[in-house]
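I would like to see how this sequence folds:
(one chain, ligands or ions: 1)
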Amino acid sequence: MRINKYLSGCGLDSRRKCEKLVTDGRVRVNGKTVTDLATDIKESDSVEVDGKYVTLSERKVYIMLNKPKGCVCTASDDKGRKTVLDFVKIKERIFPVGRLDYDTEGLLLLTNDGELANIITHPKNMVKKVYQVRVEGEVTDAELKKLRSGVEHNGIKYAPARVAVLEKDDKHTKLEITVTEGKNHEIKNMIESLGKQVVFLKRTEIAGIRLGGLSRGEWRFLNSRESEHLKSLK
Ligand code: URA
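Now for the predicted structure:
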């Protein structure tokens, strides 16, 4: 099995992210560091990542967390900040599917199914993600039109988004924005392209799976309907 597929099957991350572990020199096979992505792993090989042995996980798990603000979506943080894995203590080694910013809250999927994570996060698959966004000030009709036809920020183009106005008062506008690209800081950058700031950001839906009534910091396994639906994207 190719090394990235093997590492992903151990529940480390999506296959693409696992390639970086290899090229960064963090992986040893039978005691030797390997950086070649063409390396194949045999059943008898022993594989270490950052000095810890890893093995293929049998049972695939699919979890949703209502990520609170103030935690990062990485397995460990060099600044010692809380991570999303501090909220979900299970024996399988899992990783977050994509990222939410430190100050963003809401729906985060976690799994040890690297193939599924790849499908959900790869821009070519255009998986829908829905966000509730509170924006400082008024978002005018002309600005809504811009978001709906695609904006550019710092040289990066953002595809047309579906945008609905949920609430308005004299200080803020609350929008629901649906995107399919999954670029870094996508929503904040789209709003900044209008010269405005996001004051609150929450993801409520990924690929039709909804956060529902889960409280902040709470998690649950996806039910069979939800996990079957995700697997049908494969
Ligand atoms: N867009 C952002 O700007 N931040 C997130 O955390 C998610 C989407």
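
so where's this protein uncertain?
Low-confidence segments of the chain, defined by pLDDT under 70: none present.

Helices along that one, start to end?
For the chain, the helices identified by DSSP state H occupy 3-9, 15-23, 114-121, 141-149, 186-192, 224-231, in order along the chain.

Hey, what's the angle from the second one to helix 114-121? Just curious.
For helix 15-23 against helix 114-121, the angle between stretch directions is 110 degrees (axes from the mean of the first three to the mean of the last three C-alpha atoms, to 10 degrees).

List the buried residues in helix 15-23.
When neighbours are counted by 16 or more other C-beta atoms under 10 Å, the buried residues of helix 15-23 are found to be 15, 17-19, 21-22. C-beta here means a position set from N, CA and C on the backbone, and glycine is covered the same way.

ditto for the fourth one
Of the residues in helix 141-149, 143-144, 146-147 count as buried by neighbour count, 16+ other C-beta under 10 Å.

Stretch 183-191 now?
Those would be 186-191, for stretch 183-191 by 16+ other C-beta under 10 Å.

Straight-line length of stretch 88-99, end to end?
End-to-end distance of stretch 88-99 (C-alpha to C-alpha, to the nearest Å): 16 Å.

quick one: buried residues of it?
88, 94-99.

Let me have these in a markdown table, adding distance to the ligand as columns.
Listed next are the buried residues of stretch 88-99 as a markdown table, based on distance: C-beta to the nearest ligand atom, whole Å:
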| residue | distance to the ligand |
| --- | --- |
| 88 | 18 |
| 94 | 19 |
| 95 | 17 |
| 96 | 11 |
| 97 | 13 |
| 98 | 8 |
| 99 | 7 |
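
now, which of those lie within strands?
Among the buried residues of stretch 88-99, the members falling in strands are 95-96 (criterion: DSSP state E).

export the helices of the chain to TSV and tack on distance to the ligand?
Compiled in TSV, the helices of the chain are given as follows (distance: least, C-beta to the nearest ligand atom, whole Å):
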stretch	distance to the ligand
helix 3-9	23
helix 15-23	17
helix 114-121	12
helix 141-149	13
helix 186-192	4
helix 224-231	19
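
ok, so of the buried residues of helix 15-23, who is nearest residue 130?
Within the buried residues of helix 15-23, the smallest distance to residue 130 is 23.7 Å, found for residue 17 (C-beta to C-beta).

Could I get the contacting residues of that closest one?
residue 95 (C-beta atoms under 8 Å, 6 or more residues apart in numbering).
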